[in-house]
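1. sequence? don't have it. structure:
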DNA sequence: TTATATTCGTACGAAACCGCACATAAGATG
DNA sequence: CATCTTATGTGCGGTTTCGTACGAATATAA
């Protein structure tokens, strides 16, 4: 179990120095995150932070009338709960598990203590926060200018990057909620991708057949975020 | 001149303790920001940070095809250049003066030194960054779900909050660039507001006549950002 | 197997927004 | 004043997306 799910599977944790890893790892607890689990509701004071391993968490804003839109997505490249060290301790959005899996959980207080040591961990967390800001910004741009087709491609690529293989378990209804569009819109867009043999979609199971083509069809938004994230958080290996 | 433009007119600078004010103020230089001036281009390593006094700066993303979208807006409540202390030193977006006026400029290095003292300034800057994140998130949501009419209201209110009176000097063309819509769309939306006696618009000069009504017509996005900003950065006075 | 729930496909009118073209009007310039 | 530039108003066809409704297909349960 814990031989498969090493903390190092999370890129942020992996990039810490040995000293910091030892101290931080002693506070980590492996938890299972089922699909749809809500880690934070809007305004909740965060009790834990999460470092996803093979799960994906969406930061989702839900409006008064129930409509929703995904602000950003967090997988093994990042962490959930940045508002903790940013000072607010809560956000107006919801953190919800978009793809079931596992994560390492750490209690707020020890994490804040580590952050406040003003060293490697703080630097890393701030750089990650900037990459998250980039993703949010690009989401705003993409929402403004790009078609559902393109946005679906972006969304698929962002998800793929955070999973271990090319399989996504995700109904069109759920994707529609993330993109903030109608379910029928996703059906159409996914149908086009299927006709192009880019994906194979069947009742909540997507298999990506041709990733290069997916990137080709996609708007520039994915590449911008990817490039900036790589710049901010280079993976040393 | 500098009797009118006190550093304290910027809310972030004003909220520093006397000690920190003394140290920081010695590095500040009052600069004039003409309309359209670009403070940073995408990817530029930032040489200065800016604390607006009576100017407004837009963080704008410009796409490959020239289309654009405003990510967030910064006035006397904030600062331009957060990427400096977040670690990236640059962003994929452009910082451009949206409303002419003045700002206090500070060189990057002394500012980073202040930030790294790990005290009040750091805490404040991080809280401000979180409020900026909230604004970006809500922009993404608003871009997804709300009409041009509503978005124009949000945009006007965000601008109003950062100005000293109810006068905006801004062509419809420019607003359209910020919102990422057609100029004609802004003409129509502004026409409706004018018919409702909410604004008076004439060749680049907007006078807001009825702010309460403006807030009423607006989508929830403005209030969400406003409330969260007030929570994160209470003004002690 | 049969019934039921879930997921997906399709259709259609309405609305919002776009791209484009052009007219009008208000300042600016000479 | 006459001219030019800039800013705004308006109209129209085309596209995308929406809201809604309904049917088909697949999984799940009785």
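-> Good, I have the coordinates. Note that the structure is predicted; figures quoted are calculated from it, not measured.

2. mind checking how far the residue sitting furthest away from the middle of chain A is from chain B?
-> The centre of chain A is farthest from one residue, residue A:195, which by C-alpha atoms, centre = their mean lies 27.7 Å away. Distance check for residue A:195 against chain B: by C-beta to the nearest C-beta, to the nearest Å, it reads 26 Å. (C-beta placed from N, C-alpha, C; glycine too.)

3. Please report how far that residue lies from residue A:50.
-> According to C-beta to C-beta, to the nearest Å, residue A:195 stands 38 Å off from residue A:50.

4. ok, back up a step: spell out which residues sit in contact with the residue farthest from the centre of chain A, please.
-> Neighbour list for residue A:195: empty [criterion: C-beta atoms under 8 Å, 6 or more residues apart in numbering or on different chains].

5. Which residues belonging to the longest helix seen in chain A are considered buried?
-> Scanning chain A for the helix with the most residues, using DSSP state H, yields helix A:120-145. Within helix A:120-145, the residues that count as buried by 16 or more other C-beta atoms under 10 Å in any protein chain shown are A:121-122, A:124-145.

6. Excluding chain neighbours, give the residue nearest to the most centrally placed residue in chain A in space.
-> Central residue of chain A (C-alpha atoms, centre = their mean): residue A:74, 1.8 Å from the mean position. Once flanking residues are discounted, residue A:74 sits nearest to residue A:57: 4.7 Å by C-beta to C-beta, 6 or more residues apart in numbering or on different chains.

7. The one you found belongs to a strand, doesn't it?
-> Yes - the assignment for residue A:57 is a strand, going by DSSP: H, G, I helix; E, B strand; the rest coil.

8. what about the strands in chain A?
-> Per DSSP state E, chain A carries strands over the ranges A:29-33, A:38-40, A:48-52, A:56-62, A:68-74, A:94-99, A:101-107, A:167-169, A:199-202, A:205-208.

9. How about the first one, which residues are buried there?
-> Applying a neighbour-count criterion of 16+ other C-beta under 10 Å, the buried positions in strand A:29-33 are residue A:33.

10. so for that strand, what's the average pLDDT?
-> Taken as a whole, strand A:29-33 has an average pLDDT of 96.

11. by contact count, what packs against it?
-> Secondary-structure packing of strand A:29-33 (3 or more C-beta pairs under 8 Å, 6 or more residues apart in numbering or on different chains; DSSP states H and E): strand A:48-52, strand A:101-107.

12. Apply 10 Å and report the result again.
-> When contacts are defined as 3 or more C-beta pairs under 10 Å, 6 or more residues apart in numbering or on different chains; DSSP states H and E, strand A:29-33 packs onto strand A:48-52, strand A:94-99, strand A:101-107.

13. For DNA strand C, which of these is the nearest?
-> DNA strand C lies closest to strand A:94-99 among the helices and strands packed on strand A:29-33, at 14.0 Å (C-beta to the nearest atom of the strand).

14. What strands flank the closest one, and is each parallel or antiparallel?
-> Strand pairing for strand A:94-99, using DSSP bridges, gives strand A:38-40 (antiparallel), strand A:56-62 (antiparallel).

15. if we can go back for a sec, which residues touch the residue nearest to residue A:74?
-> A:33, A:37-40, A:50, A:72-75, A:78-81, A:95-99, A:101, A:103, A:162 (C-beta atoms under 10 Å, 6 or more residues apart in numbering or on different chains).

16. What distance do you get for residue A:27 to chain B?
-> Distance from residue A:27 to chain B, by C-beta to the nearest C-beta: 21 Å.

17. ok so, going back, tell me the spacing between the residue farthest from the centre of chain A and DNA strand C.
-> 9 Å (C-beta to the nearest atom of the strand, to the nearest Å).

18. what's the answer for residue A:116, then?
-> According to C-beta to the nearest atom of the strand, residue A:116 and DNA strand C sit 43 Å apart.

19. cool, and residue A:25?
-> Noted for residue A:25: a distance of 36 Å to DNA strand C, by C-beta to the nearest atom of the strand.

20. what do you get for residue A:155?
-> Distance from residue A:155 to DNA strand C, counting by C-beta to the nearest atom of the strand: 14 Å.

21. That residue touches residue A:143, doesn't it?
-> No - between residue A:155 and residue A:143 there is no contact under C-beta atoms under 10 Å: 11.5 Å.

22. re the thing from before, now check the longest helix of chain A, is it near DNA strand C?
-> No - judged by C-beta under 7 Å from any atom of the strand, helix A:120-145 stays clear of DNA strand C, getting no closer than 7.8 Å.

23. so that helix versus strand A:68-74, what angle?
-> Following axes from the mean of the first three to the mean of the last three C-alpha atoms, to 10 degrees, one obtains 140 degrees for the angle between helix A:120-145 and strand A:68-74.

24. Any residue of helix A:120-145 touching DNA strand D?
-> No - Helix A:120-145 is not in contact with DNA strand D by C-beta under 7 Å from any atom of the strand; minimum separation 9.6 Å.

25. pLDDT wise, what is the nearest residue to residue A:129 once chain neighbours are set aside at?
-> Leaving aside its chain neighbours, residue A:129 sits nearest to residue A:82 (5.2 Å; criterion: C-beta to C-beta, 6+ apart). Confidence at residue A:82, expressed as pLDDT, is 97.

26. same deal with residue A:58?
-> 97.

27. got the contact list for the closest residue to it other than its chain neighbours?
-> In this structure, residue A:58 finds its nearest non-sequential neighbour in residue A:98, 4.2 Å apart by C-beta to C-beta, 6+ apart. Residue A:98 is in contact with A:33, A:35-36, A:55-60, A:70, A:73-75, A:155, A:159, A:162, A:168, A:170, A:174-175, A:177-178, counting by C-beta under 10 Å, 6+ apart.

28. buried subset of these?
-> With burial judged by 16+ other C-beta under 10 Å, the buried subset of the contacts of residue A:98 is A:33, A:35, A:55-60, A:70, A:73-75, A:155, A:159, A:162, A:168, A:170, A:174-175, A:177-178.

29. which among these are in contact with DNA strand D?
-> Contacts with DNA strand D within the buried ones among the contacts of residue A:98, counted by C-beta under 7 Å from any atom of the strand: none were found.

30. And the nearest residue to residue A:35 once chain neighbours are set aside, how close does it get to chain B?
-> Excluding its sequence neighbours, the residue lying closest to residue A:35 (C-beta to C-beta, 6+ apart) is residue A:100, at 4.4 Å. For residue A:100, the distance to chain B equals 25 Å [C-beta to the nearest C-beta].

31. got the contact list for residue A:100?
-> A:32, A:33, A:34, A:35, A:36, A:37, A:54, A:55, A:56, A:169.

32. Go ahead and confirm the last one touches residue A:99.
-> Yes - contact between residue A:169 and residue A:99 holds when scored by C-beta under 10 Å: they sit 6.8 Å apart.

33. Which one's more surrounded, those two?
-> Per other C-beta atoms under 10 Å in any protein chain shown, whichever of residue A:169 and residue A:99 has more neighbours is residue A:99, with 22 against 12.

34. All good on my end, thank you.
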